[in-house]
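>>> Need coordinates for the following:
(one chain, ligands or ions: 3)
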Amino acid sequence: MENSEVTKVVLLACGSFNPITNMHLRMFELARDHLEDTGNYRVIKGIISPVGDGYKKKGLIEASHRIEMVKLATETSDWVTVDPWEGQQADWVETAKVIRHHYQELLAAERSKDEVDTVRIGKKRRHEDRGGCSNGGRTGVPQLKLLCGADVLESFSVPNLWKPEDITEIVGHFGLVCITRAGSDAWKFLHQSDTLWRHRKNIHLVKEWVTNEISATHVRRALRRGQSVRYLLPDPVVQYIQELSLYTADSEEKNADIILAPLQKYSHGGN
Ligand SMILES: Nc1ncnc2c1ncn2[C@@H]1O[C@H](COP(=O)(O)OP(=O)(O)OP(=O)(O)O)[C@@H](O)[C@H]1O
Ligand SMILES: NC(=O)c1ccc[n+]([C@@H]2O[C@H](COP(=O)(O)O)[C@@H](O)[C@H]2O)c1
Ligand SMILES: [Zn+2]
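Ligands and ions are numbered 1, 2, ... in the order given. Got it, this is the predicted structure:
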């Protein structure tokens, strides 16, 4: 029987996914094991949200392809899915806004469940009046937590990349699950940031013991050089990339002379 104190959690990963790799999928498995191992959480869903073209990162191919690849990669998962909303927006959307959007979706889903329940409870009462059995209660809206690698956590300190109030909202209001990554010391970073330290109870650092340095940059480089990327990405993704010749010397030059959207937005004091 499930402990009534167990909190339901939905994990949301935002990123380029250019292309999605096996390590992106592993992040979800590692995070779920870690959270559920505490005995306090049950992870009910994972959402992958590829960033829109407006992010303007160098080498970023069209969102429609990146979304399709995540769809193919998650076909074999019974709990991780792609959500195209962010990728379909014309302009880049701040991560805090993306999280808010998904939280609103969870609230709306819960509300419609409530409406169904209201009808059902009415019916159930009539059923119980006739001697039928009771069905147990509902447990409420799940928590939504941002899932990322330690490099994203470290990027919080890059000038003009994140708004301080967005960081506070993400770690203070929602929560963060962060997977260790070679080259980034997540514990040291958390220790050195007053904001992160203040909200440390909302930040779950997950140690990946089977260190895995797969990166999408490495995958794109191998593809440009005609090398195999099999077993770094799910087979259907490898096939999709090959059929459409998605990653080339030309695609890597996309946005080469353009400043990353958040830097553009915050460097001029805009918000
Ligand atoms: N090997 C890895 N270990 C831990 N986290 C990872 C790893 N690869 C990607 N991530 C995380 O996955 C999310 C999406 O990352 P992203 O799409 O930038 O992939 P990437 O491999 O870092 O790509 P790129 O090389 O293009 O930056 C980020 O939160 C990132 O930190
Ligand atoms: N201020 C912000 O909200 C902010 C800044 C930089 C990156 N991000 C997000 O973090 C993710 C980082 O992805 P990459 O590691 O692929 O660059 C993207 O989803 C991007 O939108 C958000
Ligand atoms: Zn990255």
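
>>> Going by C-alpha atoms from here, please, whenever you check contacts or count neighbours.
Fine.

>>> Let's test this: mean pLDDT of the helix or strand residue 116 falls within, rounded?
Secondary structure from DSSP states H and E places residue 116 in helix 95-129. The average pLDDT for helix 95-129 rounds to 77.

>>> From here on, call the first residue 56.
Understood, numbering begins at 56; the last thing we discussed is helix 150-184.

>>> I'd like the next helix or strand past that helix.
Going down the chain from helix 150-184, the next helix or strand is strand 198-204, by DSSP H and E.

>>> State the next helix or strand along the chain beyond that following strand.
Assigned by DSSP H and E, the successor of strand 198-204 is helix 205-210.

>>> Can you give me the buried ones in that following helix?
Under the neighbour-count criterion of 16 or more other Cα atoms under 10 Å, helix 205-210 has 205, 206, 207, 208, 209 buried.

>>> Hmm, the fourth one is touching residue 232, no?
No. The pair residue 208 and residue 232 does not pass the contact test of Cα atoms under 8 Å, sitting 9.8 Å apart.

>>> before we move on, the earlier item: and the buried residues of helix 205-210, which two are the farthest apart?
Farthest pair in the buried residues of helix 205-210 (Cα to Cα) is 205 and 209. Separation: 6.2 Å.

>>> so what sits against both of those two?
239, 241 (Cα atoms under 8 Å, 6 or more residues apart in numbering).

>>> Any stretches of the stretch 56-205 of the chain with poor pLDDT?
56-59, 172-194 (pLDDT under 70).

>>> And whatever residue of the stretch 206-326 of the chain ends up closest to ligand 2, how far from residue 92?
Taking Cα to the nearest ligand atom as the measure, the point where the stretch 206-326 of the chain comes nearest ligand 2 is residue 217, at 3.5 Å. Relative to residue 92, residue 217 is positioned 31 Å away (Cα to Cα, to the nearest Å).

>>> which of the two has more neighbours?
Higher neighbour count among residue 217 and residue 92: residue 217, with 19 against 11, using other Cα atoms under 10 Å.

>>> Over to that one. Which of the three states is it?
Assigned by DSSP: H, G, I helix; E, B strand; the rest coil, the conformation of residue 217 is coil.

>>> who in the stretch 56-205 of the chain is up against ligand 2?
Contact residues (Cα under 6 Å from any ligand atom) of the stretch 56-205 of the chain with ligand 2: 69, 70, 71, 106, 149, 150, 151.

>>> if I've got this straight, the first one is in a helix?
This means residue 69. No. Assessed with three-state DSSP, residue 69 is strand; it does not lie in a helix.

>>> so residue 262 makes contact with residue 239?
No. Counting by Cα under 8 Å, residue 262 stays clear of residue 239, with 11.7 Å between them.

>>> is it true that the residue of the stretch 206-326 of the chain closest to ligand 2 touches residue 208?
No. The pair residue 217 / residue 208 is not scored as a contact, 10.7 Å apart, by Cα under 8 Å.

>>> need the residues of the stretch 156-305 of the chain near ligand 1, please.
Residues of the stretch 156-305 of the chain lying near ligand 1 (Cα under 6 Å from any ligand atom): 203-207, 234-236, 267-272.

>>> Now with 5 Å, please.
Residues of the stretch 156-305 of the chain lying near ligand 1 by Cα under 5 Å from any ligand atom: 203, 204, 236, 268, 269, 270, 271, 272.

>>> how about those residues in a markdown table, adding distance to residue 117, secondary structure and neighbour count?
Listed next are those as a markdown table, based on distance: Cα to Cα, whole Å; DSSP: H, G, I helix; E, B strand; the rest coil; neighbours: other Cα atoms under 10 Å:
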| residue | distance to residue 117 | secondary structure | neighbour count |
| --- | --- | --- | --- |
| 203 | 22 | strand | 24 |
| 204 | 23 | strand | 21 |
| 236 | 26 | strand | 20 |
| 268 | 25 | coil | 11 |
| 269 | 21 | coil | 15 |
| 270 | 19 | coil | 18 |
| 271 | 15 | helix | 20 |
| 272 | 16 | helix | 13 |
